[in-house]
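*Asks:* after the sequence you'll find the predicted model.
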Amino acid sequence: MATIIDGRALAKKLNGQTSQRVEKLKQAHGMTPELVVIIVGTDSASQRYVRNKHRTAERLGIRSIVKELPESISQEELLNVVRQYNEDPEVTGILVQDPLPKQINEKLVTRSILPEKDVDGFHPVNVGKLFLNDTTKYPVACTPKGVMTMFDEYQIDLKGKNAVMIGRSAIVGKPMAALMLNAGASVSILHLLTKDITQYTKQADIIVSATGSLHTLTKNDVKPGAVVIDVGQNINEAGHLVGDVDYDDLFDEVSYITPVPGGVGPMTIATLMQQTVDLAEWSLERDQ
């Protein structure tokens, strides 16, 4: 029977630590971390996610600014908004919420955020540091970083382990693989063109799935005792939110598993708040 990795409980613990760090910054340096979230258009899922970020930030004592922009905004107008926040010394972290309208070049917008304010960890400079396993301080994509916090909390050692990352997105798959590789695992990245994922997953000690596809893994796809981290979010036939993996089918086969909801999801926002404070603290170190 698996141990359930409780993302809600761990996020609550992490948020408590973040709140204490915010208060310490205020008391010791007169500094309040400030997070700017730029949202373009009226996508309902994005608006809901941004509201959750805003509420969490305010609850933890982080100054939160939500900049709402019209769907019709031009590339140059959006870049000008980012530039203003780059130049604002009060702003600790900046993120531009996906999705963006068709006239916007998302990669160009990502590159326009200063690396030291790139709270999402998507800037090429920060991605490069991650893949080089750079020893300096830099932000990392929040969902993979949250998963690494889960590994630490549950004392799941990656050194010498066979790890499989299913999915190769820039947001989850690639940075997650890099983090596991940096932690000493041997990592295989699987994707839509992989002919037989089972030949990899049956050998894996650690499996992280981020495909957005129902039943990516069943008990026939894993070896007994594997650790399964489910990053996926899907709606099943009954209209319920579920992950990529067949949770009930796997439960008695694996050693650790994350539920959906209540697993990785809460850790993403908690890690975003943690990293906002990281950026604030690192900015003080640079100024010394």
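*Replies:* All right, it came through fine.

*Asks:* ok, Leu114 touching Asn86?
*Replies:* Yes. Contact between Leu114 and Asn86 holds when scored by C-beta atoms under 8 Å: they sit 4.8 Å apart. The way it works is simple: take the backbone N, C-alpha and C, and place the C-beta from them, glycine included.

*Asks:* give me the common contacts of those two.
*Replies:* Ile94 (C-beta atoms under 8 Å, 6 or more residues apart in numbering).

*Asks:* and the gap between Leu130 and Ala163?
*Replies:* Separation of Leu130 from Ala163 (C-beta to C-beta, to the nearest Å): 16 Å.

*Asks:* who has more neighbours out of the two?
*Replies:* It is Ala163, of Leu130 and Ala163, that has more neighbours when counted by other C-beta atoms under 10 Å, with 25 against 22.

*Asks:* doesn't that one belong to a strand?
*Replies:* Yes. Counting by DSSP: H, G, I helix; E, B strand; the rest coil, one finds Ala163 located in a strand.

*Asks:* for it, report the pLDDT, please.
*Replies:* Note for Ala163: predicted pLDDT of 98.

*Asks:* before we move on, what about Gln288?
*Replies:* Listed pLDDT for Gln288 reads 67.

*Asks:* okay, how far is it across stretch 217-229, tip to tip?
*Replies:* Taking C-alpha to C-alpha, to the nearest Å, the first and last residues of stretch 217-229 lie 11 Å apart.

*Asks:* so what's the gap between that stretch and the chain middle?
*Replies:* In terms of C-alpha atoms, centre = their mean, to the nearest Å, the centre of stretch 217-229 is found 23 Å from the chain centre.

*Asks:* let me see the mean pLDDT of it.
*Replies:* Mean predicted lDDT for stretch 217-229 stands at 97.

*Asks:* pull out the buried residues from it.
*Replies:* Buried residues in stretch 217-229, counted by 16 or more other C-beta atoms under 10 Å: Leu217, Asp221, Val222, Ala226, Val227, Val228, Ile229.
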